[in-house]
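Kindly generate the corresponding structure for this input.
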Amino acid sequence: MNNNLLMNPLLTLMQINDSVFPIGGFTHSYGLETYINKEIVHDSKTAKEYAQTLLEHSFYYNDAAFFHKAWQLCESRATKKKIAELDALITAFKAPYEIRDASKKLGIRFLKLTEKLKPVKRCSAYLKAINAQELHGHYAMAFAMFAHAQQISYTDALSAFYYNSLNGIMTNCAKLVPISQMDAQQILFKLQPLINKLVALQPELDDDMIGNCCVAQDIRCMQHEKLYTRIYIS
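Next comes the predicted model:
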């Protein structure tokens, strides 16, 4: 493969953010299965409330914030030490085992796949350190590193990262609650302004607030490990 080919940033972003991009994202519910099992999420209204709450009070302070910090490291051409510090910080903030493991698995699969598509020096070094068990590996960091290298804009990349999470929630709700595909699409459309708002606010998040815990979400993720029957890994 000719790695000197000029890639289209928009098409590249669409590809790596596609729900069928084979990294295993469809196998994880991130605690949603527990919410549905307990009938807390049981229709379109509660599905929308769950999705909005997760984006505002969990994703914004965690994975989206980790993405932002990784992007900053790319901008400043950070040292391996800084990369390792962020990797360790993310690991510490992901208290539920299943969520921590999901982040690592998605990150490794993403890095392995993009390595075959278009190797990026920073991503290759990150994957090598993960395989050597020097670092844990996290999807938010991997996505940010690769998107940055492909000259995708920060706003577009982070917006897609938010949307990918929301789309995963709605796909799982359609299967598990269940809700109709039309209801799922309407929720995706109606929450676009929220994603725009959170993306705009992301750079303003104080470092002391990164990793802010959404307690209920963490508890449901931990409870998922003990569910009698499970469809999803997390």
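
mean confidence score for stretch 66-84?
For stretch 66-84, the mean pLDDT works out to 95.

which residues touch that stretch?
Residues from elsewhere that reach stretch 66-84 (Cβ atoms under 8 Å, 6 or more residues apart in numbering): 86, 90, 122, 125-126, 129, 134-135, 138, 140-141, 143-145, 148-149, 154, 157-158, 161, 202-203, 205, 210. C-beta here means a position set from N, CA and C on the backbone, and glycine is covered the same way.

Pull out the buried members of the residues you listed.
86, 90, 122, 126, 129, 135, 138, 140-141, 143-145, 148-149, 154, 157-158, 161, 202, 205, 210 (16 or more other Cβ atoms under 10 Å).

which other helices and strands contact the longest helix anywhere in the chain?
The residue-count maximum for a helix in the chain (DSSP state H) belongs to helix 154-176. If you count contacts as 3 or more Cβ pairs under 8 Å, 6 or more residues apart in numbering; DSSP states H and E, helix 154-176 packs onto helix 9-16, helix 32-37, helix 44-54, helix 63-75, helix 139-149, helix 181-190, helix 192-201.

Tell me the first helix or strand C-terminal of the last one.
If I follow you right, that is helix 192-201. helix 215-224 (DSSP states H and E).

packing partners for that following helix?
So helix 215-224, by 3+ Cβ pairs under 8 Å, 6+ apart, packs with helix 32-37, helix 97-117.

Mean neighbour count, these: which tops it?
By mean neighbour count, with neighbours taken as mean count of other Cβ atoms under 10 Å, helix 32-37 ranks first of those at a mean of 23.

chain center to that one: distance?
19 Å (Cα atoms, centre = their mean, to the nearest Å).

Now do the same for the nearest residue to residue 222 once chain neighbours are set aside: its pLDDT.
Nearest residue to residue 222, sequence neighbours excluded (Cβ to Cβ, 6 or more residues apart in numbering): residue 96, at 4.9 Å. Residue 96 is assigned a predicted lDDT (pLDDT) of 84.

residues touching residue 96, list them.
Counted by Cβ under 8 Å, 6+ apart, residue 96 has contacts 31, 218, 221-222, 225, 234.

do that again at 10 Å, thanks
Contact analysis of residue 96 by Cβ atoms under 10 Å, 6 or more residues apart in numbering lists 30-31, 102, 217-225, 234.

Weed out the non-buried ones from these.
Using 16+ other Cβ under 10 Å, the buried members of those are 30-31, 102, 217-218, 220-224, 234.

just to revisit the earlier point, buried deepest among the helices and strands packed on helix 154-176, which one?
Greatest burial across the helices and strands packed on helix 154-176, using mean count of other Cβ under 10 Å, falls to helix 139-149, with a mean of 26.

Verify the contact between residue 173 and residue 186 for me.
No - counting by Cβ atoms under 10 Å, residue 173 sits too far from residue 186 to count as a contact (11.9 Å).

Can you check which residues contact both of those two?
Applying Cβ under 10 Å, 6+ apart, one finds that residue 173 and residue 186 are jointly contacted by 44, 48, 179.

For the nearest residue to residue 13 once chain neighbours are set aside, which three-state class applies?
Spatially, and ignoring its direct neighbours in sequence, residue 13 is nearest to residue 152 (5.0 Å; Cβ to Cβ, 6+ apart). Under DSSP: H, G, I helix; E, B strand; the rest coil, residue 152 falls in the coil class.

Present the shared contacts of residue 173 and residue 186 as a markdown table; the columns should include distance to residue 81 and pLDDT.
Below are these laid out as a markdown table (distance: Cβ to Cβ, whole Å; pLDDT from 0 to 100):
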| residue | distance to residue 81 | pLDDT |
| --- | --- | --- |
| 44 | 47 | 96 |
| 48 | 42 | 96 |
| 179 | 46 | 94 |
